[in-house]
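K.L.:
Got a sequence here, can you build the structure:
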Amino acid sequence: MKPSVAKEHVLKKIRAALITRTPNPFPNTDFEKNIYSESKDTNDILFAKEFSKVNGQFIYCSDTYDFANNFRSLAEEKQWKNIHCFNKELLELFKHMQVTGITESQDLSNAEVGVTNCESLIARTGSLLISSADSNGRQLSILPPVHVVIASTDQLAYDLKEAFDLVKRKYKGTYPSMLSVTTGPSRTADIEKTLVLGAHGPKDLFVFLIEK
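P.N.:
Numbers count the residues shown, from 1 in each chain. Presented below is the predicted three-dimensional model:
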């Protein structure tokens, strides 16, 4: 069959389908109904559960002092040396809490840990919503083998819709040029169906959630 004949044959079928419409087999479907069952857990507990399922490591902190102690303990346990952070607010927090070993260097060639904040924590899927509006840029959450996210309880959202609403209110009706949803450490199972962490980004992902 020549290409022009084949094309006309396909178009003829499309025209016929547009003329003779097929009845909707599911006329009573409620597209507004939530397809997910509601969780009885609060957003912080639900996030911790779902985040842990995707190999994320969750640390709850009752306040900034608790966060400082937990961060120091983790850094000592993991023997982190090259910890990078560009966010001014986070740098001020580290300075105020007397957490040492944090660098503002833009050279990430030897970076072990990238510390950032996020726009929102999505409880239902255990995901992070990260944007380009943050002073950490796009590279700090991707290049170092360890990504540490510092968030507060007022950034928790149940689902992606609520997370987008938080961002829209924060930026007064607009959105940053880039929004990225991260669910657990980078992974792939392309090779022999074997799960490999850290294939295209950080191998370890930590979230410190500070109570507010």
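K.L.:
Average pLDDT for stretch 109-119, rounded please.
P.N.:
Per-residue pLDDT over stretch 109-119 has a mean of 93.
K.L.:
And it, what's buried?
P.N.:
Residues of stretch 109-119 classed as buried by neighbour count (16 or more other CB atoms under 10 Å): 111-119. For the C-beta atoms, the positions are set from N, CA and C on the backbone; glycine is no exception.
K.L.:
now, the most widely separated pair of those?
P.N.:
Put simply, by CB to CB the two of these set farthest apart are E112 and E119, 24.6 Å from each other.
K.L.:
re earlier: now, the buried residues of stretch 109-119 that are in strands?
P.N.:
If you go by DSSP state E, the buried residues of stretch 109-119 have 113-116 in strands.
K.L.:
The helix or strand encompassing V5: what's the following helix or strand?
P.N.:
Using DSSP states H and E, V5 maps to helix 3-19. Once the chain leaves helix 3-19, the next helix or strand it forms, by DSSP H and E, is helix 43-53.
K.L.:
helices or strands up against that next one?
P.N.:
The contact analysis (3 or more CB pairs under 8 Å, 6 or more residues apart in numbering; DSSP states H and E) places helix 43-53 against strand 57-61, strand 120-122, strand 156-157, strand 204-210.
K.L.:
swap the cut-off to 10 Å and go again
P.N.:
Helices and strands touching helix 43-53, by 3 or more CB pairs under 10 Å, 6 or more residues apart in numbering; DSSP states H and E, are strand 57-61, strand 120-122, strand 127-131, strand 156-157, strand 204-210.
K.L.:
and the helix holding V5, how far out from the chain's middle?
P.N.:
Distance of helix 3-19 from the chain centroid (CA atoms, centre = their mean, to the nearest Å) equals 44 Å.
K.L.:
Give the buried residues for that helix.
P.N.:
For helix 3-19, the neighbour count (16+ other CB under 10 Å) marks no residue as buried.
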